[in-house]
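**Q** any chance you can model this:
(one chain, ligands or ions: 1)
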Amino acid sequence: MTDSITRITGNGGETHQHAGDDDAVLTTNHGVPISDNQNSLKSGERGPTLLEDFVLREKIFHFDHERIPERIVHARGSGAHGVFEATDDISDLTRAAVFTKGEKTEVFVRFSTVAGGAGSVDTPRDVRGFAVKFYTREGNWDLVGNNIPVFFIQDAIKFPDLVHAVKMEADRGYPQAGSAHDTFWDWASLMPESTHMLMWAMSDRTLPRSFRTMEGFGVHTFKLVNAEGKASFVKFHWKPKLGLQSTIWDEALKLQAADNDYQRRDLFEAIDTGAFPEWELGIQVFDQAFADAQPYDVLDATKLIPEEDVPVRIIGRMTLNRNVDNFFAETEQVAFLPTNIVPGIDFSNDPLLQGRLFSYLDTQKSRLGTTNFHQIPINAPRCPFGNFQRDGMMQTQVPKGRANYEPNSLAAHGEEGGPRESPVRGFATANAATGPDETGDKLRIRAERFADHYSQARLFYRSQTENEQAHIASSFVFELSKVGLLDQVPPRMVANLRNVDEDLAKRVADGLGIDLPPKAEAAREPVDMNPSEALSIHRNMKETLEGRAVGILIADGTDAAALDAVIAAVDGAKGKPVIVAPKVGGATLSDGSTRKADGQLAGTPSQLFDAVAVVLSDEGCKTLLKEGAAVQWVMDAFGHLKAIGASDAAQPLLDKAGVEADDGVTGLDDGFVEAAARRFYDREPKVRMLA
Ligand code: HDE
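**A** Next up is the predicted model:
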């Protein structure tokens with residue numbers, strides 16, 4: 001019998017140990033060393049498992065409880081650690097220590113999609129969350145923002161409706177991510193205040209190429225408060241060092257098939273290889289007089305303040321330099337709270353923000369199970385903290401002594417009296433509620449100045465390049481074409497769009513093949529605003545290969561010197577060369593050497609890259625002409641408006657893929673690397689019909 005047991009365990013009775021750590025013995029959660037992690041305890045060789053097997057029971061019990069409720073929104077996210085450095089002196093505006101020039105503050109950032117569940121994909125058309133936790137020496141400050149500066153709704157009371165409408169439909173459980181379905185557009189078309197945000201959502205902003213190439217925004221108006229107690233209004237902006245870059249819709253769809261984890265992987269690998277993502281933090285600062293002079297309300301989260309009206313002043317830099325050690329412990333358990341605010345920063349009366357101040361604390365209790373979630377290492381302040389809140393589930397601290405109330409005079413008896421409030425160092429709300437707006441009757445009402453739902457939607461649309469406008473029109477067509485059963489919805493949406501821009505409305509109606517409906521009545525007639533360059537992605541892209549990947553397609557017979565030259569050129573421009581070949585084991589090059597591939601052709605389509613090089617010999621090209629994946633590889637690179645550098649011998653493959661000559665199609669050494677730093681939007685009319 002002993003013999004057969006030994007055979008089954010296959011470990012000859014030896015204790016299992018952690019790889020690389022000879023002294024570490026597997027134990028139970030209570031420290032008891034475990035002798036056998038392969039077999040449960042049975043009564044006889046083929047008998048039933050015994051209840052007394054505490055090793056098995058503990059292991060399965062813990063496993064059964066591994067999951068916690070996922071976030072109601074922003075369930076799918078990726079996190080990283082980093083540092084924020086204040087680079088400008090703004091002590092005239094705020095006393096916040098985090099903004100002392102030269103101060104370095106540890107941060108944790110979580111990027112997310114909104115609608116999909118935790119296991120959904122990275123690349124649906126969706127808003128991205130951009131949440132930053134600053135572990136300042138005066139407590140945690142969480143700037144819980146998005147990659148879009150405005151929001152769908154003006155008042156928190158509409159948030160559950162928005163989220164129910166956009167998430168999977170209640171009866172059928174789909175779609176899992178993305179807004180192209182009946183209930184979202186039913187709701188949105190009935191909510192004119194969402195129109196401005198819809199313009200952003202239908203633009204390429206919701207298809208970021210990488211978390212590293214998107215902006216972040218605090219969205220709401222906040223306040224900065226200086227040492228004298230003087231408050232200024234502020235909007236926060238994150239500007240990516242790599243510039244803005246988005247994919248296009250067809251590419252995003254195909255990325256979903258190619259790599260569910262496209263953005264998570266990109267972030268992890270960038271940090272892992274030392275290409276640390278960076279953003280500048282900027283502020284728009286203004287006062288009450290400016291606020292009063294605007295046609296919109298600065299407390300309305302469906303409005304932005306054009307950068308041309310209030311320029312963005314750069315005051316700091318954030319660098320993400322460390323991946324998480326454990327996804328669950330850090331990225332999943334991190335709890336962002338807009339209520340995490342520090343002395344020198346304050347809330348405004350934005351009714352959306354005010355609602356958030358309740359929601360996040362509340363949700364963390366149901367997600368993390370205990371009011372003591374602030375003790376989890378990723379959430380705990382890095383500065384000393386203490387008060388008289390006590391006990392509760394999962395209390396991990398051991399407060400000493402009798403001081404669990406305040407005031408107390410225990411110190412007079414030589415006992416520990418505990419911490420005391422500090423009017424000087426403590427957080428103080430900027431303005432007491434003394435203004436007329438805050439002392440009137442109790443009303444369920446929106447301020448009159450929230451009533452203009454279209455002027456800024458128009459501003460956004462008219463600030464885009466022609467290509468970007470076409471993308472917006474086409475996205476509306478795509479999304480509304482997915483509205484299945486509710487015939488009344490697309491015309492109702494187009495009726496709203498007529499208030500934004502007649503041409504846009506016509507294009508969408510035309511793309512859907514419906515008659516142009518009568519214009520929807522606007523609560524307030526929109527006005528024309530001056531276009532703003534800052535709102536366009538295409539006007540804010542950087543021509544750089546830094547942070548971008550170049551796919552290099554090779555096959556047997558590829559010229560070794562030509563290949564090395566392309567790799568060196570891409571490396572030299574700080575790009576990432578990735579070799580793709582029909583076999584992952586590699587290809588035999590012209591000089592007889594073997595070059596290993598980073599990816600196999602069928603599993604590494606060109607949508608994973610920002611530009612491609614096709615380095616083939618006559619022989620290799622002949623083989624790949626018969627390989628659908630190779631033809632598709634080139635065809636998609638062309639269709640996704642990417643640079644294609646090709647050896648002369650690769651021309652037949654380019655021809656078969658329908659590649660037409662333009663500035664983005666080059667030889668291998670003649671201008672390829674410069675071209676690879678760009679996207680060729682001018683090519684688009686050649687490759688697809690846009691609305
Ligand atoms: Fe959130 N939001 N939200 N939100 N939000 C959550 O909190 C909520 C809003 C944002 O990576 C939840 O911990 C309400 C605006 C981000 O962990 C929840 C309202 C903006 C994240 C919640 C809003 C955001 C969340 C779900 C309207 C941009 C992910 C889990 C009043 C400024 C943070 C959680 C992370 C997450 C509520 C509107 C950004 C349910 C009630 C506006 C980036 O508490």
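**Q** interface residues of this protein facing the ligand?
**A** 71-74, 77, 110, 112, 129, 131, 144-146, 151, 156, 159, 219, 301, 336, 352, 355-356, 359-360, 363 (C-beta under 6 Å from any ligand atom). Just so you know, the C-beta spots here come from the backbone N, C-alpha and C atoms, and that holds for glycine as well.
**Q** so how do I select the buried members of these in PyMOL?
**A** The following PyMOL line selects those of the residues of the chain next to the ligand that are buried, judged by 16 or more other C-beta atoms under 10 Å:
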select buried, resi 71+73+74+77+110+112+129+131+144+145+146+151+156+159+219+301+336+352+355+356+359+360+363
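**Q** so of the residues of the chain next to the ligand, which ones are in helices?
**A** Phe159, Leu352, Gly355, Arg356, Ser359, Tyr360, Thr363 (DSSP state H).
**Q** so where's the stretch 551-691 of the chain shaky on pLDDT?
**A** The model of the stretch 551-691 of the chain has no residue with pLDDT under 70.
**Q** what do you get if the cut-off is 90, keeping everything else the same?
**A** Residue ranges of the stretch 551-691 of the chain with pLDDT under 90: 669-670.
**Q** wait, a helix at Asn321?
**A** No - Asn321 is assigned strand when assessed by DSSP: H, G, I helix; E, B strand; the rest coil, not a helix.
**Q** point me to the residue of this protein nearest the ligand.
**A** Gly129 (2.8 Å; C-beta to the nearest ligand atom).
**Q** would you agree that residue is in contact with Val109?
**A** No - Gly129 is beyond contact range of Val109, at 9.9 Å (criterion: C-beta atoms under 8 Å).
**Q** so what sits opposite the residue nearest to the residue of the chain closest to the ligand when sequence neighbours are not counted in the bridge?
**A** Among residues not flanking Gly129 along the chain, Ser112 sits closest, at 3.7 Å (C-beta to C-beta, 6 or more residues apart in numbering). Per DSSP bridges, the residues bridged to Ser112 are Gly77, Gly129.
**Q** my guess is Ser112 meets Val127, correct?
**A** No - contact criterion C-beta under 8 Å: Ser112 and Val127 do not qualify, at 9.1 Å.
**Q** contacting residues for Arg71?
**A** Gly77, Ser112, Ala118, Thr363, Arg367 (C-beta atoms under 8 Å, 6 or more residues apart in numbering).
**Q** tell me if Ala165 really is in a helix.
**A** Yes - counting by three-state DSSP, Ala165 falls inside a helix.
**Q** hmm, back to that, ok, which pair from the ones in helices among the residues of the chain next to the ligand is furthest apart?
**A** The distance between the two most remote of these (C-beta to C-beta) is 15.8 Å, for Leu352 and Thr363.
**Q** list the residues that contact Ala227.
**A** Neighbouring residues of Ala227 by C-beta under 8 Å, 6+ apart: Ser91, Arg95.
**Q** for it, give me phi and psi.
**A** phi -60, psi -30 (degrees, to the nearest 10).
**Q** kindly report the same for Ala613.
**A** The phi/psi pair for Ala613 (degrees, to the nearest 10) is phi -120, psi 140.
**Q** check contacts around it.
**A** Neighbours of Ala613 in contact, by C-beta under 8 Å, 6+ apart: Val550, Gly551, Ile552, Leu553, Val566, Val570, Ile644, Gly645, Ala646, Leu668, Phe672.
**Q** the same query, at a cut-off of 6 Å, please.
**A** When contacts are counted by C-beta atoms under 6 Å, 6 or more residues apart in numbering, Ala613 touches Ile552, Val566, Gly645.
**Q** hang on, isn't the last one packed against Gly671?
**A** No - distance between Gly645 and Gly671: 8.3 Å, which falls outside the contact criterion (C-beta atoms under 6 Å).
**Q** who's more crowded, these two?
**A** For Gly645 and Gly671, the more surrounded residue by other C-beta atoms under 10 Å is Gly645, and the numbers stand at 27 against 14.
**Q** hey, what's the more buried one bridged with?
**A** The partner residues for Gly645, given DSSP bridges, come to Ala613, Thr666.
**Q** show me the contacts for it.
**A** Taking C-beta under 6 Å, 6+ apart as the test, what Gly645 contacts is Ala613, Thr666, Leu668, Phe672.
**Q** how about 8 Å then?
**A** Gly645 neighbours (C-beta under 8 Å, 6+ apart): Val566, Ala611, Val612, Ala613, Val614, Thr666, Gly667, Leu668, Phe672, Ala675, Ala676.
**Q** look up how far Gly31 lies from it.
**A** Separation of Gly645 from Gly31 (C-beta to C-beta, to the nearest Å): 60 Å.
**Q** picking up where we left off before, okay, the contacts of Arg71 in CSV with distance to Gln651 and pLDDT next?
**A** Putting these into CSV (distance: C-beta to C-beta, whole Å; pLDDT from 0 to 100) gives the following:
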residue, distance to Gln651, pLDDT
Gly77, 44, 98
Ser112, 44, 98
Ala118, 46, 97
Thr363, 58, 97
Arg367, 57, 97
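**Q** quick check: end-to-end length of stretch 273-282?
**A** 27 Å (C-alpha to C-alpha, to the nearest Å).
**Q** contact partners of it?
**A** With C-beta under 8 Å, 6+ apart, stretch 273-282 has contacts from 80, 82, 84, 211-212, 216, 236-242, 267, 270-271, 312-321, 546-547.
**Q** mind redoing it with 6 Å?
**A** Contacts of stretch 273-282 (C-beta under 6 Å, 6+ apart): 212, 237-241, 270, 312, 314-321.
**Q** I'd like to know which of the residues you listed is nearest to Ala560.
**A** With C-beta to C-beta as the yardstick, the closest approach to Ala560 among the contacts of stretch 273-282 comes from Ala270, at 29.1 Å.
**Q** what about the residue nearest to the closest one when sequence neighbours are not counted, how many residues nearby?
**A** What sits nearest to Ala270 in space, not counting adjacent residues and going by C-beta to C-beta, 6+ apart, is Pro277, at 5.8 Å. Neighbourhood size, Pro277 [other C-beta under 10 Å]: 24.
**Q** against His471, how distant is Pro277?
**A** 25 Å.
**Q** ok, Glu52 - contacts?
**A** Applying C-beta under 6 Å, 6+ apart, no residues qualify as near Glu52.
**Q** one step back: so what sits against both of Ser112 and Val127?
**A** Contacts common to Ser112 and Val127, judged by C-beta under 6 Å, 6+ apart, are absent.
**Q** all helices for the stretch 101-250 of the chain, in order.
**A** 159-166, 182-189, 195-201, 249-258 (DSSP state H, counting those that start in this stretch).
**Q** may I see those organised as CSV, with distance to Pro685 added?
**A** Formatted as CSV, the helices of the stretch 101-250 of the chain follow (distance: least, C-beta to C-beta, whole Å):
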stretch, distance to Pro685
helix 159-166, 32
helix 182-189, 28
helix 195-201, 22
helix 249-258, 14
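**Q** next, format those helices as CSV and append mean pLDDT.
**A** Below are the helices of the stretch 101-250 of the chain laid out as CSV (pLDDT from 0 to 100):
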stretch, mean pLDDT
helix 159-166, 98
helix 182-189, 98
helix 195-201, 98
helix 249-258, 96
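**Q** thank you kindly, that will do.
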